[in-house]
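**Student:** heads up, no residue letters with this:
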């Protein structure tokens, strides 16, 4: 488990061309502490990638501070022609994204594999 910013605990894996980050928990003392965007950006720089999958299945509520961090990180990644994808959102958090009209910016995927593949259909031999 890695802490990239105070209050955030993450599992980080490196896949081919992707950084795969599972947000494990947020300290209960903090209401989505700031710094996630900066911490993840630094981590991406260290891994020399601009492609990120964030697994958010253990986040109970996407509150405004967390959404702000996601928007900040997304903007930085897009400026570098990178890609950020979210997966594992609960039905409630999917509704939050829709309400904020962010479900088109952050196309939500069910799991890590779908997020990485994102519309790529493997060719079947004839």
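**Tutor:** Arrived safely. Remember, it's a predicted structure, so these values are computed and weren't measured experimentally.

**Student:** pLDDT score for residue 8?
**Tutor:** Per-residue pLDDT puts residue 8 at 76.

**Student:** how far away is it from residue 36?
**Tutor:** For residue 8, the distance to residue 36 equals 5 Å [CB to CB, to the nearest Å]. From N, CA and C alone the C-beta is placed, and that goes for glycine too.

**Student:** same question, residue 75
**Tutor:** 14 Å.

**Student:** Next, the buried residues of the helix of greatest length in the chain.
**Tutor:** The longest helix of the chain (DSSP state H) is helix 64-79. Neighbour-count burial for helix 64-79 flags 66, 67, 69, 70, 72, 73, 74, 76, 77 (criterion: 16 or more other CB atoms under 10 Å).

**Student:** after that helix, next one along is what?
**Tutor:** strand 83-87 (DSSP states H and E).

**Student:** could you pull out the strands for the chain?
**Tutor:** In the chain, the segments counted as strands under DSSP state E are 2-5, 8-15, 18-26, 51-55, 83-87, 108-109.

**Student:** Having no further points to raise, I will conclude here.
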